[in-house]
Each structure stands twice: as C-alpha cells, then as structure tokens.
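A.B. asks: Structure for the following, please:
(chains A, B, C and D)
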Number of protein chains: 4
Amino acid sequence: MVKVTVWHETVPAEESEGVRKVYPEGLGAAVAAFLKVENFQTRCAYLGEKDDGLPEEVLRDTDALIWWGHGKHHLVSDETVKRVVEYVNRGMGAIFLHSAHLAKPFKALLGTSCTLQWREAGEREIVWAVNPAHPIAAGLDAHFTIEHEEMYGEPFDIPEPDELVFIGWFKGGNVFRCGAAYRRGRGKVFYFQPGHETYPVYRQKEVRHVICNAVRWAAPVSVAAPLTCPHAKNSIETLT
Amino acid sequence: MVKVTVWHETVPAEESEGVRKVYPEGLGAAVAAFLKVENFQTRCAYLGEKDDGLPEEVLRDTDALIWWGHGKHHLVSDETVKRVVEYVNRGMGAIFLHSAHLAKPFKALLGTSCTLQWREAGEREIVWAVNPAHPIAAGLDAHFTIEHEEMYGEPFDIPEPDELVFIGWFKGGNVFRCGAAYRRGRGKVFYFQPGHETYPVYRQKEVRHVICNAVRWAAPVSVAAPLTCPHAKNSIETLT
Amino acid sequence: MVKVTVWHETVPAEESEGVRKVYPEGLGAAVAAFLKVENFQTRCAYLGEKDDGLPEEVLRDTDALIWWGHGKHHLVSDETVKRVVEYVNRGMGAIFLHSAHLAKPFKALLGTSCTLQWREAGEREIVWAVNPAHPIAAGLDAHFTIEHEEMYGEPFDIPEPDELVFIGWFKGGNVFRCGAAYRRGRGKVFYFQPGHETYPVYRQKEVRHVICNAVRWAAPVSVAAPLTCPHAKNSIETLT
Amino acid sequence: MVKVTVWHETVPAEESEGVRKVYPEGLGAAVAAFLKVENFQTRCAYLGEKDDGLPEEVLRDTDALIWWGHGKHHLVSDETVKRVVEYVNRGMGAIFLHSAHLAKPFKALLGTSCTLQWREAGEREIVWAVNPAHPIAAGLDAHFTIEHEEMYGEPFDIPEPDELVFIGWFKGGNVFRCGAAYRRGRGKVFYFQPGHETYPVYRQKEVRHVICNAVRWAAPVSVAAPLTCPHAKNSIETLT
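C.D. replies: I've put the predicted structure just below:
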C-alpha cells in the first residue's frame, strides 16, 4: 500500500477565512481525504509540528510527499529542506502543488528560481494533456476545464522538464507548463499547478485523478542498493 | 554567409487565389525575401523541379533548409526524403513551418505521426517564449500576438522536444507547442507553427524575427570529421 | 499477461554454423525461451513469413516486440517498416537488440543513421547501470561483465536518449551507450547492445534479466483514446 | 571579449606539495594562464578572499565562472552558494571541474547528491566525444587519452544531462559521464571530470581545448529582459 504524506503550511484551525469557506476541514485534510478514498495510506503533516512536520521517521515511512505552501515558505528550516531533498534523492516521490512552485525544497531540487507570472482573477483554465501516454495522464480525456483558477503564466523559470505532461490555457491569454515531471537521484518529482486555495479546485474529480495518478507514478518501484559514498575511506577496486 | 534554401510545394504562378491575395509573389518567395534582407544567401526550390527541387548539389550548398508544404506532401519522393534526412544528419539545419508538420522528411526525422488538432477560424494566437534564453527567442518580448491564424492544438504527436522554445495560446481554448527544437545526428531541426497560407503571417515582424533566429541557430557551427561507417571492410583497432 | 513477439531474420534451420554452435535451437527461439520462463506469452516471427512475419494480426496482438537482425536488414519491406513504426506510435513497445541498431524500423523511429564503431575481437565488456533507479535496471548490481562480446563503440549516431540506462566499457578502450530508452508517440523503445550471435550472450542471466525488465517497461500501461486525425473532414470545435 | 573568473579553493602559496610539483604557479593560475592565451579576459578568485572571492561586483563582471575545489567545499558560505546560483540563473555560465562535482553550487544547481565512485591509481583515461556536433567537442577527434588520471566512475548521481558530450573510459574497468551540459534559468552549466590535482592534466592540449570551448559555449549570447518577479505588488494584466 502506497504511503502518502500531505504537507501543508497551516493547520486546519488556523486556515484563513477564505480557505475555510472552501475547505472547512482544512486544505491539507481535503487533499488527504480524497487520497484515502483511493486506498492510499495517508497522513497529514504541518509546518508547526516537530521538525516542520517532516522528521526522519515520517520521511522514512513515506512513498510520496505532497506539498502545498504559499505564504510561509520562508519558515521552513534549511535542515528540513536538506532532509526532504535527500529523501527524494533516495527514492521518495514528491508532488508540489500550485504555489509550492516557490517552496524551498522544490527550488532546491530544480536549481532555478521557479518564478512565473500570475493574476488572480478567477478565470477559466483548460488543462491539456500533451503527453497522453504518460501514466499521470492515464484515464483522462485530452483536456479538462477548471472554471475558476488563479492564472499562472509563462515564462516559468524551471529546467526543461524530463517529461512535460500538461499545458494550461488561461482565458486571459496566458499559457503555462502546468504539469511537469523530473527525476532527481532515485526519486521522482512532479509539479502540478491547479489548486488556488480560495477556489474548490481540489473538489474537482479530474484534479483529484491527476494527483492520484501522480502519487502512483512517484512512489518508488524497486529497492536498489545505496549509491557509493565518495568519501568512504576505501575507494573501489579495479575490475580488470 | 549563411546559405538558406526555401523549399515550397508550389511555384508562384500556380499558387491558389487565396494565397495570391496575401502573397502575390508566392509564399516561398515571400519567405525568401525577408531572409535576403537579413543578408542570408537565399534561394528558392520548388517541388516540380529536378529531384523535387533538392538535388545533391543544392543540399550540399545549403546551411539551413526551410520547408513549407501542405497539400502535396505525398508527391515528395522517398529518395528526396532520404536525401534530406541524410543531409540533416550530416549537419544541415532544417526548419519546418506550419503545415510541414506532416512533411515526409519531418516525420522521418522525428519518428512519430506528428498529428495534431486543428480549426480554421482565423482566430487570435498569442505566442509565448517559454525558454527566453534560447537563441531562437533572442530579442523578443515574452509574447507576441498573431491576430488571425489557423488553430493547431495539442495533443501534438511529437517526441519530447530537446528544447521547447514557444507555446501558442489560441482564443478558442487550445494550446500548442508551437516552437520545438531537436538535434538529429550533426544537424538541428526546428518546427515553428505560425504561417497559415491565407493570412499574412509571414509579413509580421516577430514571425520573421523567429525564422531568422532559427536559421542562425540551425546553420552548422563547425566542421567535424565524418562518422565512421559501420560497414567499412576494416573495423577499428584496439586502443589499449 | 504481457504478449511478446520475438522477431528474428533467420529461421532456426537456416542459422549459420557459427550461430548453431551457440544456439542450436536458433537465436530467436533462444530469446523466446527465457521469456516464456518468465511467464510472458511469447511467440517467434521470422523474416521469411507472410508480411515479413509481422502482419497486422500479429502486431495487434503484441505488447512488446523484440527485434534481432544483422545481415538482412535490406530485405525488410518498406510496408513492414511503416507498419511497425505505426504500431509503436500507437503504444506497442519495441526492443532492438545488438545489430538491430541498423534495423530499418529502429532508424525510422529515431531519425538518425544509428552508425557506430565496431570490432569483433571477443573482448570483455562491462555494463554499467548509470540510472540505477530505472525500471530496466531494477534488481541488478551497479555493473555486470560479459566475458566475450563484439565491441560496439562511440560515436553512436542516435538522438540524445530520453533516458540513458546503461553504458558499456570494452577492454580495447571503447565506451558505448549500450542501453538507451526513447518514447515515440504512445510507445516505448529500448535499444540494448549485448548479443553478438556467435557468443552465448543470451545465455547469461544478467542479460536475460535486462531484456525481461525491458519487456515489462515497454508494454503499454494504459489504454488511451486514439489521437485525433488531422485529416478528418471536420475540425474540432471551439471550447470557449 | 568573454570574461572568465577562475575560482580555486587554495591560493598558490598554500597549495600542497603534491600540487606544487605539477603546478608551481598554483592550479587556479595554471587554468587562468591557458585561458589568457586564448584571449579570454581572465581573473582568479580564491576562497579566502572577501565573500569567498565571489562578491557581487565580480559575478556581475563574469561571463563564465570556472570552479575547482576539493577539500574545502564545506568552507564556502551558504550566501556565496546562493549568489552563484542566482547569477547562473540570470545567465552567467558555470564550468565545474573534476572534484567540484561536490561543490555546493554545483549540487544546488543540479538538485542531486552528485556522488560517484572513485579510485586514485593514476590510470589511463580515454575520453570519447559522444556528441561530436556539440560546440564543446568542436575541433576534437573522436577520442583523446589522458595517461594518468584519478578514476571517477558510475553511477554518477546527476540528473539526466540536457546534453551528454563526453564519456570517459578507465583502464580499471569503469566508465563515467565525464562531460555533461545543463541549462538552468538563463545560464549554462558544464561539468568536466578531468583534472586531478597531482597529475598535469591541465597541461594537456585537448583538455585545455575542451575548457576553452566550454567557456565560449557557456558565456551568455544575448541580453534578455529580466523575468517577472512573482511577488511584485501588481500582477500582470489580461491580454484578451
């Protein structure tokens, strides 16, 4: 059974009024809820908890980490960033949602500024699957529509994705690489843009479907031997 | 001086009425004209000529080949396709415009069906530079608008581009990877979607700018030794 | 159950003496045999059969096609090449072994000459997994040794692989990208170099392990809707 | 004129005895010297200087940064790492040599552990150009030999390179992706493995040739408008 940890910067009781209107149970809990329905073993983690909610024992027990953050990126400690990046490199999947494009671990995994253009106008987005054979697009039609979403637009300062899965169209004239897949070390990383906190985007079935697909794709498939540490006292032997 | 050959399926005198309204001089000649202004050494080649307009002596003398075709893809001979693909592999640049997404040499270089969705409604397209540091986007703003264009939309059945340079937004709700760069052998390949034949797209300065940038990028930069033929009588010697 | 078709250019009865010494049952049959042990539903196909052994009804019933050819590439018809390429684009996996680097469908899928350097000296090859987290490398150590193999060396004229899985080291001083993965349309393509016909390479457990992994990886994972044909009479509707 | 800054962790006067035997002038100065011969405007920078040798005013005046470090990676401050990464993202080229695979800015740009296997046995390396048309391989033969080099071997924990240029063969049975190119933001990054400090590797003409090519390739080619900051007070306007 795939183990998912949903990380959110705000505990349910402290969500803003705008979020509570849409997700009375809290945004993180809302995401966790639909994952549980799909039979993922799901837990929530919050910024205010021990080690920013992601101590070793949690990461060690996580196949895929989902990350949603917006206003509190700067409160995540450098130690937590380092720990998350290491676990991804060891094989843990990581899925960054919406405003997590500026989450510290995402930027640390990608090596770029991850900046973009934006406009909060509740406009229509149409999400197109440009790689329909990708496992994250499985079971979807060629496109689906989100009636009200914050616009995120190009240029999006990310490395060329290993696999570009979705491109978003926004009514106001913008486009966005809204679903982008990377491999880092033994781990897989997926960025998915939908999910502004004051629209009920995570109530929509296609969005949930993508996130569930992404969890299955990102979870490690095999146990591999650890990579050799280059600072071991003894270097490796000649093979010939 | 960079040598460009502009290939077009129809000689000026036989262009349809729709094309002649926009390009009285012929579409191929119109493209060649703005390249000449940029001091490229430019010639036109047409399907009806010897060896489909692209005999050895022309390809040998070409740094970048521009290809526009639509209704006569099937009339290009397999020998010509093979010859063009070989010259690209040896280092000749190739730029395929608009409906040349179904040109035989393009499909042969990419290995996919290159199909897409389309709609002819003369709608607005906004072209976004998603890789603003790419030489083909140099000197452009983040976006430019084409007031009337045929819609080409995803899913576009191409291999993951080596470098995705532009994404197009269409008023009718579609997106398209409208500027995609590949390397094949020692040659560079660029696909650029703008240019439906009955709109004056090649009169627009940003479109011309992109095509000129693409020619500079696609032209070979260095002379390298020929690759070893695997069927040479003598195989290579041991190096150790 | 994954359905595999093993294509070979020579029927067992006509194998050369050199091959028969190593594979009395025929090279194709030898490959098919270890796949059957892994519970793949396996059949053999040969060049001399109807439609070069790969008629529609066979391809339609194949999840992954394994291709081994060497001296008879030129005898494969253009129709067969086109048919195989189309089925790959629709989702059929394709695994090209050893000298199939010059097989027509492989070159058609990649768009390059696929030439390389070679030396037949029965020298030692060490195969290194450079992407240990890739499904095709699952369960392997970081390297394995083939005591006697034909040398295939760089430069190998292929497009940049979507995923480079293995690099081979040869005693005589050469290196080779010996395991390279591509996506074409909805299909997956893997090239794997080991397997010169006069050495018992396909008797070696690591080589078999890689090929079995490759079959599992290449088989289609989901049924997706067919891509829209661009030449349909009616184009698509506006979405907005 | 391209401006190069050669960063080295040790000033000439403090180089170890082993290094001084090979590079009496200091390793950093030795690299700078051959760059000057090629008419690059070259300066040296050292760890012990202000802001680790790379204050704003130096980075602002640098087209390509060359980085060599080994034992003092941990002494580079986090501020310096952040500053270097930002300048790369804005367009500065960065070339990391040999043991700089563990330099903090390199790991920060790539997002992986960048670990590898190693053996210090002064063994022969043969460097193969696997992408002979790449500007960094221009003017080279298909391979060149370094008689004595430290072995660096796979698995090398890096993201799939945007362009793999060289693969190294080591006498002891190892292979290594020894020349790997990446794009990050508007900047280019190249890793090149040759250059163990106690062998005269930077005296060898092919190695110098590669580094000079890399500098030309990595230097920014065009001035582009700054990317929009996502935290600007005003978001962007609708375009339609």
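A.B. asks: Against C:V2, how distant is A:P55?
C.D. replies: 41 Å (C-beta to C-beta, to the nearest Å). For the C-beta atoms, the positions are set from N, CA and C on the backbone; glycine is no exception.
A.B. asks: Between these two, tell me which one has more neighbours.
C.D. replies: The residue with more neighbours, out of A:P55 and C:V2, is C:V2; 19 against 14, by other C-beta atoms under 10 Å in any protein chain shown.
A.B. asks: For the more buried one, which residues are in contact?
C.D. replies: C:40-41, C:63-64, C:215-216, C:219 (C-beta atoms under 8 Å, 6 or more residues apart in numbering or on different chains).
A.B. asks: can you pick the most crowded of those residues?
C.D. replies: Going by other C-beta under 10 Å, C:A64 tops those with 27 neighbours.
A.B. asks: wouldn't that residue be in contact with C:V4 here?
C.D. replies: Yes. Using C-beta atoms under 8 Å, C:A64 is in contact with C:V4, at 5.1 Å.
A.B. asks: Need the residues touching each of the two.
C.D. replies: C:V215.
A.B. asks: which residues touch the helix or strand encompassing A:E86?
C.D. replies: A:E86 belongs to helix A:78-90 when assigned by DSSP states H and E. For helix A:78-90, the external contacting residues (C-beta under 8 Å, 6+ apart) are A:51-52, A:54, A:56, A:59-60, A:62, A:65, A:94, A:104-105, A:108-109, A:184-187, A:189, A:226, D:78, D:111-113, D:157.
A.B. asks: out of the residues you listed, which are buried?
C.D. replies: Buried members of these, scored by 16 or more other C-beta atoms under 10 Å in any protein chain shown, are A:52, A:54, A:59, A:62, A:65, A:94, A:104-105, A:108-109, A:184-187, A:189, D:111-113, D:157.
A.B. asks: what's the average pLDDT for stretch A:43-59?
C.D. replies: Mean pLDDT, computed over stretch A:43-59, is 98.
A.B. asks: in stretch A:11-24, what's buried?
C.D. replies: Within stretch A:11-24, judged by 16+ other C-beta under 10 Å, the buried ones are A:11-12, A:15, A:19-20, A:22-23.
A.B. asks: One more: stretch A:113-129?
C.D. replies: A:113-119, A:121, A:123-129.
A.B. asks: For chain D, tell me which of those residues show up nearby.
C.D. replies: Restricting the buried residues of stretch A:113-129 to those within reach of chain D (C-beta under 8 Å from any C-beta of the partner chain) leaves A:113, A:115-119, A:121, A:123.
A.B. asks: Mind checking which of those residues are in strands?
C.D. replies: A:117-119, A:121, A:123 (DSSP state E).
A.B. asks: between those residues, which is nearest C:P200?
C.D. replies: A:Q117 (59.9 Å; C-beta to C-beta).
A.B. asks: The closest residue to the closest one other than its chain neighbours: neighbouring residues, count only.
C.D. replies: Closest residue to A:Q117 apart from its sequence neighbours, by C-beta to C-beta, 6 or more residues apart in numbering or on different chains: A:G153 at 4.0 Å. Using other C-beta under 10 Å, A:G153 has 24 other residues around it.
A.B. asks: Test my guess that A:G153 contacts A:A121.
C.D. replies: No. Applying C-beta under 8 Å as the test, A:G153 and A:A121 come out as separate, 11.7 Å apart.
A.B. asks: which residues touch A:A137?
C.D. replies: Counted by C-beta under 8 Å, 6+ apart, A:A137 has contacts A:129, A:131, A:165-166, A:210, A:213, C:224.
A.B. asks: hmm, back to that, could you dump the contacts of C:V2 to CSV with distance to chain A and secondary structure?
C.D. replies: CSV is the format used below for those (distance: C-beta to the nearest C-beta, whole Å; DSSP: H, G, I helix; E, B strand; the rest coil):
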residue, distance to chain A, secondary structure
C:F40, 19, coil
C:Q41, 22, strand
C:D63, 14, coil
C:A64, 15, strand
C:V215, 15, helix
C:R216, 10, helix
C:A219, 12, coil
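A.B. asks: now, the most widely separated pair of these?
C.D. replies: Spanning the widest gap among the contacts of C:V2 are C:Q41 and C:R216, at 13.1 Å by C-beta to C-beta.
A.B. asks: can you give me the helices in chain A?
C.D. replies: Listed in chain order, the helices found in chain A under DSSP state H are A:17-22, A:27-37, A:56-59, A:78-90, A:104-110, A:205-218.
A.B. asks: Out of those helices, which is the most enclosed?
C.D. replies: Among the helices of chain A, ranked by average contacts under mean count of other C-beta atoms under 10 Å in any protein chain shown, first place goes to helix A:104-110 (a mean of 24).
A.B. asks: Let me know whether that one sits next to chain B.
C.D. replies: No. Between helix A:104-110 and chain B, judged by C-beta under 8 Å from any C-beta, nothing touches; the nearest distance is 14.8 Å.
A.B. asks: which bits of chain A sit near chain C?
C.D. replies: A:91, A:124, A:126, A:132-133, A:135, A:137-139, A:141-143, A:145, A:162, A:171, A:183, A:185-187, A:220-222, A:224-225, A:227-228, A:239-240.
A.B. asks: And the buried ones among those residues, selectable in PyMOL?
C.D. replies: Applying 16+ other C-beta under 10 Å to the residues of chain A next to chain C, the buried members can be selected in PyMOL as follows:
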select buried, chain A and resi 91+124+126+132+133+135+137+138+142+143+162+171+183+185+186+187+220+224+227+228+239
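A.B. asks: Please narrow the residues of chain A next to chain C to those residing in strands.
C.D. replies: A:124, A:126, A:143, A:145, A:183, A:187.
A.B. asks: Show the pLDDT at the closest residue to the second one other than its chain neighbours.
C.D. replies: The shortest distance from A:I126 to any residue that is not its chain neighbour, by C-beta to C-beta, 6+ apart, is 4.3 Å, and that residue is A:W169. In this prediction, A:W169 carries a pLDDT score of 98.
A.B. asks: In contact with A:W169, which residues?
C.D. replies: Per C-beta under 8 Å, 6+ apart, neighbours of A:W169: A:125-128, A:175, B:169-170, B:173-175.
A.B. asks: which one of these is nearest chain C?
C.D. replies: B:G173 (3.0 Å; C-beta to the nearest C-beta).
A.B. asks: was I right about that closest one contacting B:E154?
C.D. replies: No. Assessed by C-beta under 8 Å, B:G173 is found out of contact with B:E154, at 11.2 Å.
A.B. asks: Find the nearest non-adjacent residue to A:T198, please.
C.D. replies: A:G18 (4.4 Å).
A.B. asks: State the distance from that neighbour to A:V221.
C.D. replies: 39 Å.
A.B. asks: A:V4 too?
C.D. replies: 16 Å.
A.B. asks: ditto for A:C178
C.D. replies: 25 Å.
A.B. asks: still on that earlier bit, need the mean per-residue confidence for the helix holding A:E86.
C.D. replies: 98.
A.B. asks: Then stretch A:122-140?
C.D. replies: Mean pLDDT, stretch A:122-140: 96.
A.B. asks: what about it, start to end distance?
C.D. replies: 24 Å (C-alpha to C-alpha, to the nearest Å).
A.B. asks: Low-confidence stretches in chain A?
C.D. replies: A:222-236 (pLDDT under 70).
A.B. asks: Which residues of it lie near chain B?
C.D. replies: Counting by C-beta under 8 Å from any C-beta, chain A sits next to chain B at A:117, A:126, A:128-132, A:142, A:153-156, A:160, A:163-164, A:167-170, A:173-175, A:177.
A.B. asks: redo that, cut-off 6 Å
C.D. replies: Within chain A, the positions lying close to chain B (C-beta under 6 Å from any C-beta of the partner chain) are A:126, A:128, A:130, A:132, A:142, A:154-155, A:167, A:169, A:173, A:175.
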